[in-house]
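Q: Okay, predicted coordinates and the sequence, questions at the end:
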Amino acid sequence: MAIEVRLPTVLRAAAGGQANVSVEGETIGEILKALAEDFPGLGTQVLSLDGSLHRFVNVYLNDDDVRYLDKLDTKVIEGDVVSILPAVAGGSC
């Protein structure tokens, strides 16, 4: 099934400037792997070499952080929306 993936501005260049893409998969892991196959530049920004989620990348299924669900094994269904958000840190007062 095709799932909508929303990309933040910082990742859009690797997806040809697209804010939303559609990929096939039944779990978050399958969705991210398909995304990496369709857009190789995104793969290295989202997944580690061992296939795990990068530490500073947050992935949400609808409004829920997948780290608090079943991580990459979290199931998706038709109509779900996956959002990828790199963590933001730094700055000074």
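A: Thanks, I have it.

Q: The longest helix that the chain contains packs against which elements?
A: Counting residues, the longest helix found in the chain (DSSP state H) is helix 28-38. Applying 3 or more C-beta pairs under 8 Å, 6 or more residues apart in numbering; DSSP states H and E, one finds that helix 28-38 contacts strand 2-6, strand 20-24, helix 40-46, strand 57-61. C-beta: built from backbone N, CA, C; applies to glycine.

Q: Show me which positions of that helix end up buried.
A: Residues of helix 28-38 classed as buried: I28, G29, E30, I31, L32, K33, A34, L35, A36, D38 (neighbour count, 16 or more other C-beta atoms under 10 Å).

Q: one step back: can you flag the weakest of the helices and strands packed on helix 28-38 by average pLDDT?
A: Within the helices and strands packed on helix 28-38, the stretch with the lowest mean pLDDT is helix 40-46, showing a mean of 90.
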